[in-house]
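[1] fold the following for me, if possible:
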Amino acid sequence: MLDFFVSNAWAAPASQEPGLASFLPLIILFAVFYFFLIRPQLKQAKQHKALVSALAKGDEIATNGGILGKIKEVGDNFLLVEIAEGTDVKVQKQSVSVVLPKGTLKTL
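    Reported below is the predicted structural model:
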């Protein structure tokens with residue numbers, strides 16, 4: 001009796017096989033992440049590794065913690081840094097953030 005008012009629900013036609021067009025947004029998203037996030041971080045890590053490997057006795061440095069000093073000894077993993085006359089601290093090589101130009105500590 002109510003069949004007159006109710007219409008039949010038919011299944012949607014089968015979709016085509018997924019092609020390159022369906023993966024294109026994912027590929028574009030990966031490319032954006034690579035060029036704007038991953039690649040710059042890899043480049044910065046490579047530069048920091050080169051900076052750490054080039055540390056030598058007598059270099060003036062600043063650490064990530066803000067300590068300024070002059071390198072007295074270079075070890076495999078640690079540096080002995082003179083932060084004031086007669087005051088030496090041992091810091092990890094990886095904590096060095098920048099090598100300062102010679103004479104910078106005298107001007108501060």
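
[2] for the rest of this, base every contact and every neighbour count on C-alpha atoms.
    OK.

[3] so what are the domain limits for the protein?
    21-54, 56-108 (automatic domain parsing).

[4] what's the closest of those domains to residue 7?
    Comparison of those against residue 7 by C-alpha to C-alpha identifies domain 21-54 as nearest, at 33.0 Å.

[5] span of that closest one from start to end?
    Counting by C-alpha to C-alpha, to the nearest Å, you get 48 Å between the two ends of domain 21-54.

[6] go on, stretch 63-72?
    15 Å.

[7] returning to that earlier point: which one of the domains of the chain is the most hemmed in?
    domain 56-108 (a mean of 15; mean count of other C-alpha atoms under 10 Å).

[8] thinking again about what came up before, CSV for the domains of the chain, including mean pLDDT and distance to residue 13?
    Converted to CSV, the domains of the chain look like this (pLDDT from 0 to 100; distance: least, C-alpha to C-alpha, whole Å):
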stretch, mean pLDDT, distance to residue 13
domain 21-54, 94, 18
domain 56-108, 96, 60
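
[9] just put the ones you listed in JSON lines and tack on distance to residue 10.
    Listed next are the domains of the chain as JSON lines, based on distance: least, C-alpha to C-alpha, whole Å:
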{"stretch": "domain 21-54", "distance to residue 10": "25"}
{"stretch": "domain 56-108", "distance to residue 10": "65"}
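
[10] which among the ones you listed is found nearest to residue 8?
    Taking C-alpha to C-alpha, domain 21-54 is the member of these nearest to residue 8, at 31.0 Å.

[11] pull the distance from the closest one to the chain's centre.
    9 Å (C-alpha atoms, centre = their mean, to the nearest Å).

[12] all strands for the protein, in order.
    60-63, 68-74, 78-84, 87-92, 96-100 (DSSP state E).

[13] how about TSV for those strands, with distance to residue 29 added?
    As requested, the strands of the chain are exported to TSV (distance: least, C-alpha to C-alpha, whole Å):
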stretch	distance to residue 29
strand 60-63	36
strand 68-74	42
strand 78-84	41
strand 87-92	37
strand 96-100	32
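
[14] no further questions, thank you.
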